[in-house]
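Participant: how would this look folded up:
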Amino acid sequence: MIQVRKAVERGHFDHGWLDTYHTFSFADYYDPAHTGFRSLRVINDDRVQAGQGFGMHGHRDMEIVTYILDGALEHQDSMGNGSIIRAGELQRMTAGTGVRHSEFNPSDTERVHLYQIWLLPQRKGLKPSYEQIAVGEEEKQGRFRLVASPDGAAGSLTIHQDARLYLASLSPGEGVAHEIEPGRAAWLQVLRGSVKVLGNDLSAGDGVAVTDENTLSVQAAVPSEVLLFDLV
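Facilitator: Residues are numbered from 1 along each chain as shown. Got it, this is the predicted structure:
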């Protein structure tokens, strides 16, 4: 069974400094029909203007993954971490017992385009931690490249949940497939381009929930990038 979540149906707010789309209920956007999927709680598609960003604020008991599509983001947190996250890089922050952080666009001229993802942790009260990785274009071209997993396999981020995240970049006409084990489900988010998934045409910003299927297949119509969540 599949359920498509079209980009235009998402919650949308343009704050001037931040243009954001919410796949699931978040902040001032609430839709009781879309509050998450399995352990996946938040998918925010954010564009932050030059020199702007999210000031210092706190989180608890959440696995937060950020992926930079274009531009760069400057990270600071209460654990003492400070770094620049650039296009093609991901960060993971375990909020656990409590962490404060800020995320700013350090550019004077270019906006940053990012996806922020929240997953529920397997248990509360974890020790806060931070991790960052870079994924080269060749690593995800024509294949699903593991970028987050419970055991940090294949150089992926380590998340405290039975979930695996994959990125794939596809050329026009190129396809890729992922086997879904019994009892598990998948969510596919189209980051760029246009693809066909199980007979459905999807474009950038669209998502699809996949349950009770053995295989998820994706074929690109134009140069595309997708993010796959394999969830219990």
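
Participant: need the outlier residue of this structure, farthest from its centre.
Facilitator: Asp108 (25.4 Å; Cα atoms, centre = their mean).

Participant: that one: what's its closest spatial neighbour, skipping adjacent residues?
Facilitator: Ala50 (5.7 Å; Cβ to Cβ, 6 or more residues apart in numbering). Every C-beta, even on glycine, is put in place using the N, C-alpha and C of the backbone.

Participant: and for Leu231?
Facilitator: Once flanking residues are discounted, Leu231 sits nearest to Arg38: 4.0 Å by Cβ to Cβ, 6+ apart.

Participant: same check on Asp61?
Facilitator: Lys124 (4.6 Å).

Participant: so where does the one you found fall, helix or strand?
Facilitator: Assessed by DSSP states H and E, Lys124 sits outside every helix and strand.

Participant: check the gap between the residue sitting nearest the centre point of the chain and Phe26 for me.
Facilitator: Closest residue to the average C-alpha location of the chain: Ile117 at 4.4 Å, with Cα atoms, centre = their mean. Counting by Cβ to Cβ, to the nearest Å, the gap from Ile117 to Phe26 is 11 Å.

Participant: now the common contact residues for these two.
Facilitator: Common contacts of Ile117 and Phe26, defined by Cβ atoms under 8 Å, 6 or more residues apart in numbering, comprise Val42, Asn44.

Participant: and the residue nearest to the centre of the chain, what helix or strand is that in?
Facilitator: Going by DSSP H and E, Ile117 is part of strand 112-119.

Participant: stretch 65-77 spans what distance, first to last residue?
Facilitator: Stretch 65-77 has its terminal residues 14 Å apart, counting by Cα to Cα, to the nearest Å.

Participant: and the nearest residue to the residue nearest to the centre of the chain once chain neighbours are set aside, what is it in contact with?
Facilitator: With Cβ to Cβ, 6+ apart as the criterion, Ile117 has its nearest non-adjacent residue at 4.4 Å, and that residue is Val65. Applying Cβ under 8 Å, 6+ apart, we find Val65 in contact with Leu90, Gln91, Arg92, Gln116, Ile117, Trp118, Leu119, Ala148, Leu157, Ile159, Leu165.

Participant: give me the beta-bridge partners of Val65?
Facilitator: Under DSSP bridges, the beta-bridge partners of Val65 are Arg92, Ile117.

Participant: and for His101?
Facilitator: His57, Asp77.

Participant: roughly how far does it sit from Glu131?
Facilitator: For His101, the distance to Glu131 - Cβ to Cβ - is 13 Å.

Participant: tell me where this structure has helices.
Facilitator: Secondary structure of the chain, counting by DSSP state H: helices at 137-140.

Participant: Gln49 is in contact with the residue farthest from the centre of the chain, correct?
Facilitator: No - using Cβ atoms under 8 Å, Asp108 is not in contact with Gln49; the gap is 10.8 Å.

Participant: returning to what we had before: just put the contacts of Val65 in a markdown table and tack on pLDDT and distance to His15.
Facilitator: Output for the contacts of Val65, formatted as a markdown table (pLDDT from 0 to 100; distance: Cβ to Cβ, whole Å):
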| residue | pLDDT | distance to His15 |
| --- | --- | --- |
| Leu90 | 98 | 24 |
| Gln91 | 98 | 22 |
| Arg92 | 98 | 26 |
| Gln116 | 98 | 15 |
| Ile117 | 98 | 20 |
| Trp118 | 98 | 19 |
| Leu119 | 98 | 25 |
| Ala148 | 98 | 28 |
| Leu157 | 98 | 28 |
| Ile159 | 98 | 29 |
| Leu165 | 99 | 27 |
